[in-house]
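[1] build me a structure from this.
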Amino acid sequence: MAELESRNTHKVYEKDKIGEVQIADDVVAIIAGLAATEVEGVDSMAGNITNELVAKLGMKNLSKGVKVELTEEHVSVELSLNIKYGYSIPSVSEKVQEKVQAAIENMTGLTVMDVNIRIAGVALEENK
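    Predicted coordinates:
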């Protein structure tokens, strides 16, 4: 329980007789990362060198390339993406913003203030 208390959490529901619901920042980041990678044209999430090394060592980090800031009722999200070659960056980015906003709002009840995207790279299709 001590580990759970040390994480950044946001209370989304409280009722006197039943209890409360808290959501960790990491959960919101994972929701955002999964929603972003479902958009056609997104190759992968981009992370810093530490995240890249962790991923190569086999420890999957679903929130790689995602930064989340939670306030009382609002969420700000920053995503770093690798885009597939040949796709329109503005078009894909807009779809990612819409999908991430919808996913977070539907799953958590929080209001998304902004979804900022940084294109970190372009991925070329590998010949199979």
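[2] dump the residue contacts of residue 92.
    Contacts here follow C-beta atoms under 8 Å, 6 or more residues apart in numbering; on that basis residue 92 touches 39-42, 83. Yep, even glycine has a C-beta here, placed from its N, CA and C like the rest.
[3] what does stretch 116-128 contact?
    By C-beta under 8 Å, 6+ apart, stretch 116-128 touches 43-44, 46, 65, 76-85, 89, 93, 96-97.
[4] quick one on the thing from earlier: out of the contacts of residue 92, which end up buried?
    39, 41-42, 83 (16 or more other C-beta atoms under 10 Å).
[5] mind checking which of the residues you listed land in strands?
    Among these, the members falling in strands (DSSP state E) are 42, 83.
[6] pLDDT (mean, whole number) over stretch 24-42?
    When pLDDT is averaged over stretch 24-42, the result is 90.
[7] can you check stretch 74-89 too?
    For stretch 74-89, the mean per-residue pLDDT is 93.
[8] hey, where'd the helices end up in the protein?
    In the chain, the segments counted as helices under DSSP state H are 2-6, 25-37, 49-56, 89-108.
[9] now the buried members of the contacts of stretch 116-128.
    Members of the contacts of stretch 116-128 classed as buried by 16+ other C-beta under 10 Å are 43-44, 46, 65, 77-83, 93, 96-97.
[10] dump these into a markdown table; add distance to residue 31 as well.
    Output for those, formatted as a markdown table (distance: C-beta to C-beta, whole Å):
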| residue | distance to residue 31 |
| --- | --- |
| 43 | 19 |
| 44 | 17 |
| 46 | 18 |
| 65 | 14 |
| 77 | 9 |
| 78 | 14 |
| 79 | 12 |
| 80 | 16 |
| 81 | 16 |
| 82 | 19 |
| 83 | 21 |
| 93 | 18 |
| 96 | 13 |
| 97 | 14 |
